[in-house]
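S.K.: Show me how the following folds:
(6 chains)
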Protein chains: 4
Amino acid sequence: MTEILDRRRDILEAALACFLEHGYRATSIAQIRQKSGASTGSIYHFFSGKGAIAEALFRQAIAGWSAFASSPTASAETRIKASVAGLVIWGLANPDQSRFLDELRNLAPLDDELRDLRAFLASGHDAAAAAFADMQANREVQKLPFPIAHALMLGPAYSYLRNAAPTKPDAAQRIATLFADAAWKSVKA
Amino acid sequence: MTEILDRRRDILEAALACFLEHGYRATSIAQIRQKSGASTGSIYHFFSGKGAIAEALFRQAIAGWSAFASSPTASAETRIKASVAGLVIWGLANPDQSRFLDELRNLAPLDDELRDLRAFLASGHDAAAAAFADMQANREVQKLPFPIAHALMLGPAYSYLRNAAPTKPDAAQRIATLFADAAWKSVKA
Amino acid sequence: MTEILDRRRDILEAALACFLEHGYRATSIAQIRQKSGASTGSIYHFFSGKGAIAEALFRQAIAGWSAFASSPTASAETRIKASVAGLVIWGLANPDQSRFLDELRNLAPLDDELRDLRAFLASGHDAAAAAFADMQANREVQKLPFPIAHALMLGPAYSYLRNAAPTKPDAAQRIATLFADAAWKSVKA
Amino acid sequence: MTEILDRRRDILEAALACFLEHGYRATSIAQIRQKSGASTGSIYHFFSGKGAIAEALFRQAIAGWSAFASSPTASAETRIKASVAGLVIWGLANPDQSRFLDELRNLAPLDDELRDLRAFLASGHDAAAAAFADMQANREVQKLPFPIAHALMLGPAYSYLRNAAPTKPDAAQRIATLFADAAWKSVKA
DNA sequence: GATGAATGAGCTTTCATTCAT
DNA sequence: AATGAATGAAAGCTCATTCAT
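M.R.: Residues are numbered from 1 along each chain as shown, chains lettered A, B, ... in the order given. From the prediction side, this is the model:
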């Protein structure tokens, strides 16, 4: 009973390890097969292809960050700071996974294998835009176009995490606060 | 006489067109060959491989942005604002090239074809870090670690340009000023 | 059931035919593919490359000659004569394979594709050297350095086989005896 | 005036260095071009191709060994011993060149680039066979078929030189005598 | 004599994917 | 649910050689 799930999990674990080590593009199904111990057929039994494996891992990783999200009824300041700080704290605790997300985000628009992921990202983007529109309607934040606001709030964190090394929790907390405060300052009304 | 240089330029132009259209990874030598009209052998006569072509284009594109750089004797505020505004203005005028630079920056650490580009990027990074250290020594900017300062200053612009559409000069100028001001505010002493 | 092994054997047979006809270097994977009817992918499914195919054939061919080896408890005279005569008899019965072995032996030190074969040859050399050292310890053979003794014993046979034509068994037997006697005479104590 | 010859010699020297280091097959015209400083066009001005360069070097190297040949009026013993000893002494003084000759001898029958060399080798073979026939007519040597006699006389030396390291003159002399004596003993009447 | 740009067929190898078992 | 043999297009790259200058 658990065997079934285990096989699927083995594949995901092996794939993640490969993606983190060599990047998505440079990872071949053959490498995942070897590392997971599954057969080629097994992999294609559970996933429709490399892109589907990546998407599953992406959703899994996103969940790690999302855990930091605060209630949609909280104030704009609380929500924005929590979002940025959460991204930084999770990213500094999992720099490899963070870079993996980044790679996929960059690849998604170019690689047709990742068309499903592309759709998923688009929906996330729309949700964020809607949330920001609400804050604007409440006059909590400036009347900036969402792409600009998004860049001001999250750009520094994304940029920093791209090259960051694993960081101890207390240092990570301080850095997260720094980026969170800057984010709020740059968009508050 | 000019014919000789033209062949090399044909290849670079064709390669740039391909890279902008399909991305670096998805562009094959065969595509460049077809678009440029050069033979495979000619391409390898002028460039040691796909990575070398990309590097040549990268340096060329960087030159476009660097044109905005201000004198190293100017104040920190002038230099930082000019750097950020220049990036944004150039990027909004050439969004495809801007995305191309971004793709290469992301690929360079993972792709061994781009190891020379990697070295070039590292040297650019070092120069920027040194310049920032000078500003810190002059107490013009906060005493932030360079990676954090760099992310605060340029992260928003990089992030915005990744999805930006071509923009008219006056609108681009306004957006550039916005990002430049935010950059200076986030690091000034 | 036998089909699986057949595919592998098809490839080996086709490769041997190609190697014998054009030599190892001049044989391309494409030729082996055509002659065997296997796809490129199939070839690489069973063998890691051209070198691995050659090595498999080499081991197979060596086995043909080794069949003549006599027990390690026999006298030096018996063993040396059997070894040389066996080489000649097998070589005259299979002159193409014999030349193929010779080509690989010559190529192995130069061609990196053949590095595994190189190791295999080295181990065979060591074994022969050890056997000869035993005979020396028993004062059955002269106290010559092994490389010289080896050249004296097998050099003529190798040299002859390089240009030899297929020969009828009884003539081959006479020639083999001739070389075997000469070999023993040149190293006996 | 000497410049012309120098260019040709530069090419030959560079080619020899390349052939000795990587072998004939693995040496490309481009490598010779780089090492010699000559242009591609220059190389093809002096030589019709890689095979022609190799042949020129082959003839040059053969001359080194032939210097040891004794007068055709000397006794069979003198001539055979001189020939074998000369081969060994020269080969131990120039092991790389010796291996180069060996490689070409092995390649000549397979590689069409070397068809001229093939003809040259055949003529050398015929001359040797004729000389041996004379000795047989004088009843100085056994009535062996020439291929067998040739293998008995020179096989050990060829075999030894294939793996030999550079050797000091006095040791080389001793080894040469050993092989020369063995050669004579194996064919004398 | 000398140059080096140009050629293009050919090479080995990788890869995601399919499918009969 | 699982296997792994089979596919074949496509990739990057090498190379001996030609030829206009």
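S.K.: Show me chain A divided up by domain.
M.R.: Taking automatic domain parsing as the domain assignment, the ranges for chain A are A:2-47, A:61-187.
S.K.: Endpoint to endpoint, the last one covers what distance?
M.R.: Between the opening and closing residues of domain A:61-187 there is a gap of 27 Å (CA to CA, to the nearest Å).
S.K.: Compare the domains of chain A and give me the one nearest C:T167.
M.R.: Distances from C:T167 to each of the domains of chain A were compared using CB to CB; the shortest belongs to domain A:2-47, at 48.1 Å. From N, CA and C alone the C-beta is placed, and that goes for glycine too.
S.K.: State the distance from A:S66 to DNA strand E.
M.R.: Taking CB to the nearest atom of the strand, to the nearest Å as the measure, A:S66 and DNA strand E are separated by 28 Å.
S.K.: Could you do A:I89 as well?
M.R.: Distance, A:I89 to DNA strand E, using CB to the nearest atom of the strand: 33 Å.
S.K.: Could you pull up the contacting residues of A:T27?
M.R.: Residues in contact with A:T27 (CB atoms under 8 Å, 6 or more residues apart in numbering or on different chains) are A:15, A:18-19, A:21, A:50.
S.K.: where's the dip in pLDDT among these?
M.R.: Looking at the contacts of A:T27 by pLDDT, the weakest one is A:E21, with 89.
S.K.: who touches that one in this structure?
M.R.: A:T27.
S.K.: Same question for A:I148.
M.R.: For A:I148, the contact set (CB under 8 Å, 6+ apart) comprises B:160, B:175, B:178.
S.K.: try A:R8
M.R.: Residues A:F46 are the ones in contact with A:R8 under the rule CB under 8 Å, 6+ apart.
S.K.: Make sure I have this right: it is in a helix.
M.R.: Yes. Assessed by DSSP: H, G, I helix; E, B strand; the rest coil, A:R8 belongs to a helix.
S.K.: Roughly how far does it sit from A:F46?
M.R.: With distances taken as CB to CB, to the nearest Å, A:R8 is found 5 Å from A:F46.
S.K.: now A:W65
M.R.: Separation of A:W65 from A:F46 (CB to CB) stands at 25 Å.
S.K.: where are the low-confidence patches of chain A?
M.R.: Counting by pLDDT under 70, chain A contains low-confidence residues at A:1-5.
S.K.: In it, what residue comes closest to DNA strand E?
M.R.: When scored by CB to the nearest atom of the strand, chain A has A:G49 as its residue closest to DNA strand E, at 2.9 Å.
S.K.: tell me the contacts of A:A93?
M.R.: Each residue near A:A93 by CB under 8 Å, 6+ apart is listed here: A:166-167, A:169, A:172.
S.K.: Out of those, which is nearest to A:I80?
M.R.: Nearest to A:I80 among the contacts of A:A93, with distances taken as CB to CB, is A:A172, at 18.6 Å.
S.K.: Now for the closest one, how many residues are close by?
M.R.: For A:A172, the tally of surrounding residues (other CB atoms under 10 Å in any protein chain shown) stands at 19.
S.K.: That one: helix or strand, and which one exactly?
M.R.: A:A172 belongs to helix A:169-187 when assigned by DSSP states H and E.
S.K.: I'd like to know which elements that helix is packed against.
M.R.: If contacts are counted by 3 or more CB pairs under 8 Å, 6 or more residues apart in numbering or on different chains; DSSP states H and E, helix A:169-187 sits against helix A:76-93, helix A:146-163, helix B:146-163, helix B:169-187.
S.K.: Not counting sequence-adjacent ones, nearest residue to A:L110?
M.R.: What sits nearest to A:L110 in space, not counting adjacent residues and going by CB to CB, 6 or more residues apart in numbering or on different chains, is B:G23, at 4.1 Å.
S.K.: measure that neighbour to chain D for me?
M.R.: Distance from B:G23 to chain D, counting by CB to the nearest CB, to the nearest Å: 32 Å.
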